[in-house]
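K.L.:
A predicted structure for the sequence below; I have some questions about it.
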Amino acid sequence: MPVAKKSSKQNPTRTPKTTKDDSMSNIALMGLLHLVGWLLGGRGWLAVIIFYIVKKDSFSSDDRKVFNTIINFNLSFLLYAIVSGVLIIILIGIPLLLVVSLAYLILLIISSIKYINNTPYEIPLTIEILK
């Protein structure tokens, strides 16, 4: 009976490589966490921070840029909401707070969808606090 020859390449050792796909999956996950976190109680920014803390060693520069953009977006709109809240005293703050809330919701949805689809996106009206 002939004996089958064993190939020396049966189990090649594969080393994990960081590719553009890995980077984009981090971006997509941050976009998804931001949207779902907001839908589940407005803590999307917290979910993104926790995700960053857990995976920061595997983040590329693109991932960090998206992380900074999401955090800057939330901090900017927090600032806008505080200013609107103070302006309630002179009654202009009520409509301004409605506009800020609506703009936040619209920009949150648009940016999250862009990030989930792995499309680069700079969120408008965002003050660059983190660099």
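P.N.:
Perfect, I can see it now.

K.L.:
mind checking which helix or strand the residue most central in space within the chain is in?
P.N.:
Central residue of the chain (C-alpha atoms, centre = their mean): residue 30, 3.4 Å from the mean position. In the assignment (DSSP states H and E), residue 30 maps to helix 20-39.

K.L.:
before we move on, back to that, does the closest residue to the residue nearest to the centre of the chain other than its chain neighbours belong to a helix, a strand or coil?
P.N.:
Using C-beta to C-beta, 6 or more residues apart in numbering and skipping residues adjacent in sequence, the residue nearest residue 30 is residue 48, 5.2 Å away. From N, CA and C alone the C-beta is placed, and that goes for glycine too. Secondary structure, DSSP: H, G, I helix; E, B strand; the rest coil: residue 48 is helix.

K.L.:
Pretty sure residue 48 sits against residue 35.
P.N.:
No. Using C-beta atoms under 8 Å, residue 48 is not in contact with residue 35; the gap is 10.3 Å.

K.L.:
what sits up against the helix or strand of the chain with the lowest mean pLDDT?
P.N.:
In the chain, no helix or strand scores lower on mean pLDDT, DSSP states H and E than helix 20-39, which sits at a mean of 76. Under the contact criterion C-beta atoms under 8 Å, 6 or more residues apart in numbering, helix 20-39 has outside partners 43-48, 51-52, 55, 58-60, 62-63, 66-67, 70, 108-109, 111-118.

K.L.:
swap in stretch 106-121?
P.N.:
24, 27-28, 30-32, 34-35, 38, 44, 62, 66, 69-70, 73, 123-125.
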